[in-house]
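S.K.: I'll drop the sequence and a predicted model, then ask my questions.
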Amino acid sequence: MLAIPKQTVLERNQEALPFPPIELESREPPLETELHFRQIMLLLECLEFLWRERNDFYAMGNLTIYYSPRQRKSEDFRGPDFFVVLGTERKPRKSWVVWEENGQYPNVIVELLSESTANVDRGMKKEIYQNIFRTPEYFWFDPHTLELKGFELLRSIYQELSPNDRGWLWSEQLQLFLGIHDQKLRVFTPGGELVPTPEEVAQFASIQQEKLVTKLQELGIDPNQL
């Protein structure tokens with residue numbers, strides 16, 4: 001009677017046992033410049049502040065998206081500089097694993113161009129986001145030259161978005177404009193107002209308070225007595 005190797009028995013047992021989903025680590029390299037890092041953080045802070053009451057989205061930057069049809073972490077993965085997924089749970093993640101997220105891909109992707117990545121972002125990545133991810137909107141922005149372009153998926157093909165008179169691009173998915181302000185990519189409300197960061201809100205409040213104190217003092221009123 002032939003003995004069954006222990007490894008074979010173990011493998012059979014593993015196949016029979018249901019294993020919980022494995023949370024895959026992101027494998028993205030460090031960002032090329034501080035400018036790229038600060039731009040990603042700026043977009044993230046503004047969007048999360050604007051949507052602070054919402055729990056139905058996930059936004060992150062420089063995070064790996066795993067999308068292998070065979071559910072393998074060693075193949076088919078990309079790391080957009082910034083992306084937003086709508087209609088999902090707002091919670092921390094180590095990576096975005098499509099087969100563990102009900103098959104969802106990003107609704108919006110933003111790539112930040114650099115000398116070493118520009119051709120890939122304009123070419124291969126654009127094709128992947130169009131043909132595999134089927135991401136409804138794709139934008140790219142060059143923090144150095146300030147080049148901004150956007151594309152909307154129509155009839156399975158990316159069509160370039162036309163800017164408004166301010167040079168802003170409308171995102172139907174986000175219901176926000178993307179445009180350049182102070183040499184940075186920012187988001188604006190449908191009414192054209194700049195979406196601030198929490199720090200900018202605090203600074204504005206501080207300035208307004210100082211103006212109020214000054215005005216009261218000019219009227220002979222001691223603010224400390226109010």
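M.R.: Looks like it came in fine.
S.K.: keeping just the C-alphas, turn stretch 83-98 into PDB.
M.R.: The C-alpha trace of stretch 83-98 is given here as PDB (Å, rounded to 0.1, in the frame of the first residue of the first chain):
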ATOM      1  CA  PHE A  83      -8.800  57.400  -7.100                       C
ATOM      2  CA  VAL A  84     -12.400  57.500  -5.800                       C
ATOM      3  CA  VAL A  85     -14.800  54.600  -5.500                       C
ATOM      4  CA  LEU A  86     -18.500  55.500  -5.000                       C
ATOM      5  CA  GLY A  87     -21.200  53.300  -3.400                       C
ATOM      6  CA  THR A  88     -18.800  51.500  -1.000                       C
ATOM      7  CA  GLU A  89     -18.000  51.400   2.700                       C
ATOM      8  CA  ARG A  90     -15.800  54.200   4.000                       C
ATOM      9  CA  LYS A  91     -13.200  52.400   6.000                       C
ATOM     10  CA  PRO A  92      -9.300  52.000   6.000                       C
ATOM     11  CA  ARG A  93      -7.800  49.500   3.600                       C
ATOM     12  CA  LYS A  94      -4.300  48.200   2.900                       C
ATOM     13  CA  SER A  95      -5.100  48.000  -0.800                       C
ATOM     14  CA  TRP A  96      -8.100  47.800  -3.100                       C
ATOM     15  CA  VAL A  97      -8.800  44.200  -4.000                       C
ATOM     16  CA  VAL A  98     -11.500  44.100  -6.700                       C
END
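S.K.: going along the chain, name the strands of the chain.
M.R.: 57-60, 65-66, 77-78, 82-86, 96-97, 108-112, 137-141, 148-154, 157-160, 169-171, 176-181, 184-188 (DSSP state E).
S.K.: least reliable of those going by mean pLDDT?
M.R.: Among these, strand 77-78 has the lowest mean pLDDT, at a mean of 90.
S.K.: any stretches of the protein with poor pLDDT?
M.R.: Scanning the chain for pLDDT under 70 picks out the ranges 1-32, 74, 204-209, 211-223, 225-226.
S.K.: still on that earlier bit, which among the strands of the chain is found nearest to residue 49?
M.R.: strand 184-188 (10.3 Å; CB to CB). In this view, the C-beta of every residue, glycine as well, is placed from N, C-alpha and C.
S.K.: list the buried residues in that closest one.
M.R.: Neighbour counts using 16 or more other CB atoms under 10 Å place 185, 186, 187, 188 of strand 184-188 among the buried residues.
S.K.: contacting residues around stretch 99-109?
M.R.: Stretch 99-109 has contacts (CB atoms under 8 Å, 6 or more residues apart in numbering) with 21, 23, 65-68, 71, 80, 82-88, 96, 98, 129, 133-139, 171, 173-174.
S.K.: what's the ChimeraX line that selects buried ones from these?
M.R.: Applying 16+ other CB under 10 Å to the contacts of stretch 99-109 leaves a buried subset, and the ChimeraX line that selects it is:
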select :65,66,67,80,82,83,84,85,86,88,96,98,129,133,135,136,137,138,139,171,174
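S.K.: with distance to residue 47 as extra columns, can I get the strands of the chain in CSV?
M.R.: Formatted as CSV, the strands of the chain follow (distance: least, CB to CB, whole Å):
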stretch, distance to residue 47
strand 57-60, 5
strand 65-66, 18
strand 77-78, 20
strand 82-86, 7
strand 96-97, 16
strand 108-112, 10
strand 137-141, 13
strand 148-154, 16
strand 157-160, 22
strand 169-171, 11
strand 176-181, 8
strand 184-188, 6
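S.K.: among those, which is nearest residue 33?
M.R.: Residue 33 lies closest to strand 108-112 among those, at 9.2 Å (CB to CB).
S.K.: many thanks, I have nothing further to ask.
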